[in-house]
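for reference, the sequence and a predicted model appear below.
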Amino acid sequence: MIEFCSVTHAYGDRAVLSDLSFRLTERRVAILGGNGSGKSTLARLLNGLLVPTGGSVTVDGLDTRTDGRAVRRKVGFVFQNPDVQIVLPTVEEDVAFGLKARKIPKEEIARRVTAALDRHGLARYRHQPAHQMSGGEKQLLAIAGVLVLEPDHVVFDEPTTLLDLRNRRRVIETIRALPQKAVVVTHDLDMVMDFDRVLVLEDGRVVADAPPAVAVPAYVERLS
Ligand SMILES: Nc1ncnc2c1ncn2[C@@H]1O[C@H](COP(=O)(O)OP(=O)(O)OP(=O)(O)O)[C@@H](O)[C@H]1O
């Protein structure tokens, strides 16, 4: 369970999240909100990439301020821009990177990398340079690199923005089938309709917190 307790966040003297308190216990949670409403900031607080300037964030009882490393192992994070996540020259090496860092035996790394590349439709790119892939292919690679580590929770920051229809569907199916809990920041309203819970942010505050059938129309209404 991820818990926000009176969380505020400011960049310098600019407050972007104000007094957020909630517990995320559901399998699929979406974060909606307009540009600049604080969604990415909230997402980064979920796995300790950022620590709150006020209040606390805990993941399965671990405080992101004091147990950041353990939290980052528990919570995988798929960035909006895959270029910040892709670190090694070839696709295969990139997917293997996190597993190597965890000192997993070679044979198991090979097995898990093969399975991840197959699952995400990347097998034919295995030995290719990652930087030559298209934006959408890189997005899939970044997702594969996070999921291969089998984190307990996964945070996705706008996972479908770069994707064509086919790959958007692939990512939606991947998220749907994940055994772990997922929190997804998105502008893709169709994707969230079968989620368990939707939080809507406006100016750094939660203005709706409900199942999608209630929260999505409320969000659309607020936009118009
Ligand atoms: N590192 C930073 N330093 C200063 N201000 C920042 C920083 N990161 C974000 N901000 C500001 O904080 C506010 C919230 O940004 P955030 O990226 O969390 O919003 P968002 O809802 O994810 O937006 P979008 O939908 O456009 O991606 C914005 O006004 C942004 O300019």
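Alright, I've got the coordinates.

got the confidence number for the residue nearest to residue 202 when sequence neighbours are not counted?
Spatial nearest neighbour of residue 202, chain neighbours left out: residue 37 (5.6 Å); criterion: CB to CB, 6 or more residues apart in numbering. For glycine as for every other residue, the C-beta is placed from the backbone atoms N, C-alpha and C. Looking at residue 37, its pLDDT stands at 95.

do residue 224 as well
80.

so what's residue 153 bridging to?
residue 75, residue 181 (DSSP bridges).

just checking, it touches residue 59?
Yes: using CB atoms under 8 Å, residue 153 is in contact with residue 59, at 6.9 Å.

gap between residue 135 and residue 177?
Using CB to CB, to the nearest Å, we find residue 135 at a distance of 23 Å from residue 177.

who are the contact partners of residue 161?
By CB atoms under 8 Å, 6 or more residues apart in numbering, residue 161 lies in contact with 80, 187.

ugh, wrong one, I meant residue 211
Contacts of residue 211 (CB under 8 Å, 6+ apart): 195-198.

same deal with residue 168?
160, 188.

tell me which element it is part of?
Taking DSSP states H and E as the definition, residue 168 sits inside helix 165-177.

now that helix: buried residues?
Neighbour counts using 16 or more other CB atoms under 10 Å place 167-168, 170-172, 174-175 of helix 165-177 among the buried residues.

tell me where the chain has strands.
Using DSSP state E, the strands of the chain run over residues 2-11, 14-24, 28-33, 54-59, 62-63, 75-78, 153-157, 181-185, 197-202, 205-210.

distance between the ends of stretch 26-42?
17 Å (CA to CA, to the nearest Å).

for this protein, which residues are neighbours of the ligand?
11, 16, 33, 35-41 (CB under 6 Å from any ligand atom).

make a markdown table out of these and add distance to residue 77 and neighbour count.
A markdown table is the format used below for the residues of the chain next to the ligand (distance: CB to CB, whole Å; neighbours: other CB atoms under 10 Å):
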| residue | distance to residue 77 | neighbour count |
| --- | --- | --- |
| 11 | 19 | 10 |
| 16 | 18 | 18 |
| 33 | 18 | 26 |
| 35 | 20 | 6 |
| 36 | 20 | 12 |
| 37 | 19 | 20 |
| 38 | 16 | 23 |
| 39 | 13 | 25 |
| 40 | 11 | 19 |
| 41 | 13 | 21 |
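
before I go, just wanted to say thanks for your time.
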